[in-house]
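# fold the following for me, if possible:
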Amino acid sequence: MKSHSESYRAAGVDITAGYRAVELMKQHVARTMTPGVLEGLGGFGGLFELDLTGMTRPVLVSGTDGVGTKLKIAFELDKHDTVGIDCVAMCANDVVCCGAKPLFFLDYIACGKNVPERIAAIVSGVAEGCVQAGCALIGGETAEMPGFYPEDEYDLAGFVVGAVDKSRLFNRMHMRAGDVVLALPSSGVHSNGFSLVRKVLPDRSLYVEELGATLGEALLVPTKIYVKPVLALAERIEVKGASHITGGGFYENVPRCLPSGLSARIEKKAVRTPPIFDVIQKAGNVPERDMFNTFNMGVGMCLIVDKEDVDTALSIVKDAYVLGELVKGDGGIELCE
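Okay, here's the model as predicted:
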């Protein structure tokens with residue numbers, strides 16, 4: 001007999017809708033399978049066999065994060081197939097900042113009403129993010145929580161585990177004054193600062209000529225995933241450090257990879273800022289300092305490399321560019337005119 005409960009459904013939880021959602025998402029999950037995956041969906045735990053080839057002292061690196069209030073934009077546009085990319089990006093980009101390759105991912109969706117097609121659309125984005133990051137989606141949880149979330153809303157979070165040999169961890173202690181800060185461009189606002197965005201841009205249906213899209217469409221562009229270019233670069237040169245530019249912008253995130261005694265001197269004129277940030281700043285009359293302390297400003301990730309390796313780095317990561325350099329200092333950041 002199939003599992004069902006009319007009493008539970010009357011209380012707002014339709015377990016048959018959950019089963020339907022799982023069936024719809026299976027095709028998307030299948031895209032992410034890698035050799036380490038031992039079982040499909042449905043077990044109590046996701047099983048993954050570690051391949052430690054080439055590692056003498058393996059280190060597991062984990063990360064967890066969510067999409068945040070960017071989800072409000074997805075609700076407004078009724079477009080749910082890209083926020084999963086954001087979810088994976090927020091986790092996988094953090095893990096690769098240590099030099100680790102993401103191995104597997106778990107997602108968590110909490111919703112007011114389980115609409116199977118919507119849940120499957122969300123998971124399709126998670127699967128796409130996993131493909132971009134090179135990791136497997138081996139499980140997750142969809143929690144239907146009537147009375148806790150509105151019927152048309154949900155929250156989305158995830159968890160990733162990666163691995164790296166201890167000798168290949170990015171090592172801030174190798175940094176020296178004169179090392180170069182490289183920028184990897186962002187795709188837009190990514191997944192941070194949306195409480196401020198929604199405050200200063202209340203009409204997201206407005207078409208903006210310089211964006212070539214409505215505000216909502218421009219804001220919903222998914223977060224860029226940097227795993228493959230960063231790991232490809234680390235195979236060729238020493239990457240001494242990496243910073244994922246998320247909440248807190250430049251001021252909070254760049255110093256996180258620096259040792260004491262060194263600061264990052266960034267040339268503001270070098271920052272290639274997409275038009276969406278100018279729109280936000282003008283609409284809210286946001287001070288420049290607050291912009292750089294809230295948003296990525298067009299730089300999704302910073303890498304620290306030896307100045308002798310810059311040309312090689314730029315030949316491998318084609319869209320990277322020089323942003324600044326390390327100088328003796330207090331471990332902070334200097335934004336120079």
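# what is the neighbour count of K113?
Neighbourhood size, K113 [other CB atoms under 10 Å]: 18. (Each C-beta comes from the backbone N, C-alpha and C, glycine too.)
# and it, what is it in contact with?
12, 144, 146, 151-152 (CB atoms under 8 Å, 6 or more residues apart in numbering).
# could you redo the last one with a cut-off of 6 Å?
E151 (CB atoms under 6 Å, 6 or more residues apart in numbering).
# next one: it from G18, what distance?
11 Å (CB to CB, to the nearest Å).
# next: V189.
32 Å.
# run through the helices of the stretch 201-337 of the chain in chain order.
Listed in chain order, the helices of the stretch 201-337 of the chain (DSSP state H, counting those that start in this stretch) span 215-219, 227-236, 249-253, 275-284, 288-292, 310-316.
# residue ranges in the stretch 1-150 of the chain under the pLDDT threshold?
Within the stretch 1-150 of the chain, the segments meeting pLDDT under 70 span 1.
# how about the strands in it?
58-66, 101-111, 136-144 (DSSP state E, counting those that start in this stretch).
# run the chain-centre distance for the second one.
Distance of strand 101-111 from the chain centroid (CA atoms, centre = their mean, to the nearest Å) equals 12 Å.
# ditto for stretch 9-21
The answer for stretch 9-21 is 30 Å, by CA atoms, centre = their mean.
# cool, and stretch 96-114?
Worked out by CA atoms, centre = their mean, stretch 96-114 lies 9 Å from the chain centre.
# and the end-to-end length of it?
33 Å (CA to CA, to the nearest Å).
# L60 is nearest to which of the helices of the stretch 201-337 of the chain?
helix 227-236 (16.0 Å; CB to CB).
# now do that closest one and strand 101-111, the angle between them.
160 degrees (axes from the mean of the first three to the mean of the last three CA atoms, to 10 degrees).
# what is helix 227-236 packed up against?
Counting by 3 or more CB pairs under 6 Å, 6 or more residues apart in numbering; DSSP states H and E, the packing neighbours recorded for helix 227-236 are helix 83-96, helix 310-316.
# neighbours of D203, how many?
9.
# and for the residue nearest to it when sequence neighbours are not counted, the neighbour number?
In space, and not counting its chain neighbours, D203 is closest to L215: 7.2 Å by CB to CB, 6 or more residues apart in numbering. Around L215 there are 22 other residues, counting by other CB under 10 Å.
# L215 contacts L201, doesn't it?
Yes: between L215 and L201 there is a contact under CB atoms under 6 Å: 5.4 Å.
# for this structure, longest helix please?
The helix that spans the most residues within the chain, counting by DSSP state H, is helix 116-133.
# residues in contact with it?
Taking CB under 6 Å, 6+ apart as the rule, helix 116-133 contacts 17, 20-21, 24-25, 28-29, 31-32, 80-85, 87-89, 92, 102, 105, 107, 109, 137, 142, 225, 227.
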